[in-house]
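Undergrad: Turn this into a model:
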Amino acid sequence: MTTPVIVNARFFPRAGQEAALVEALIAAIAPVHAEAGCELYALNSHDSGELLMIEKWSSADLLDAHAAGPAVRDLDAAIAPFLARPVLVERFTAVPAGDVRLGAL
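TA: Residues are numbered from 1 along each chain as shown. Take a look at the predicted model:
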């Protein structure tokens, strides 16, 4: 059995580039949803303009394949002009607790 991997990817837009960054990120969602191992790839916004992609991958190997694949390569190129600083990507492993349906992504 493989252990799912949770990823938080934080995007920091340049001033005035928030809408362009959102548009570029939305364009990447469908191709990523089609990738093997993608269980969740959901974009969220904050009042500050910062964006957060919450991801869930069925295994570290499939996440690594995603990270090295064309969808990420194309996304990186598309969003580069709109970023104030590099994307912060953090990997996590769930620590299930409580109700099985509510205690883990």
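Undergrad: Any stretches of this structure with poor pLDDT?
TA: Counting by pLDDT under 70, the chain shows low-confidence ranges at 1.
Undergrad: Between the two ends of stretch 94-105, how far is it?
TA: 7 Å (C-alpha to C-alpha, to the nearest Å).
Undergrad: oh sorry, the question was meant for stretch 73-93
TA: End-to-end for stretch 73-93, by C-alpha to C-alpha: 24 Å.
Undergrad: Residue 98 - how many residues pack around it?
TA: 8 (other C-beta atoms under 10 Å). For every residue, glycine as well, the C-beta is placed using N, CA and C.
Undergrad: Oops, could you answer that again for residue 52 instead?
TA: Counted with other C-beta under 10 Å, residue 52 comes out at 14.
Undergrad: again, but for residue 28
TA: By other C-beta under 10 Å, the residues close to residue 28 number 19.
Undergrad: Would you mark the buried spots in the helix or strand harbouring it?
TA: Using DSSP states H and E, residue 28 maps to helix 18-33. Residues of helix 18-33 classed as buried under the neighbour-count rule (16 or more other C-beta atoms under 10 Å) are 18, 21-22, 24-25, 28-29, 31-32.
Undergrad: where exactly do the strands run in the chain?
TA: 5-13, 38-45, 51-57, 83-92 (DSSP state E).
Undergrad: Report the inter-axis angle for the third one versus strand 38-45.
TA: Read that as strand 51-57. 170 degrees (axes from the mean of the first three to the mean of the last three C-alpha atoms, to 10 degrees).
Undergrad: buried set for stretch 48-61?
TA: 49-51, 53, 55-57.
Undergrad: Let's have the strands of the chain in CSV, adding distance to residue 73.
TA: As requested, the strands of the chain are exported to CSV (distance: least, C-beta to C-beta, whole Å):
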stretch, distance to residue 73
strand 5-13, 15
strand 38-45, 16
strand 51-57, 16
strand 83-92, 13
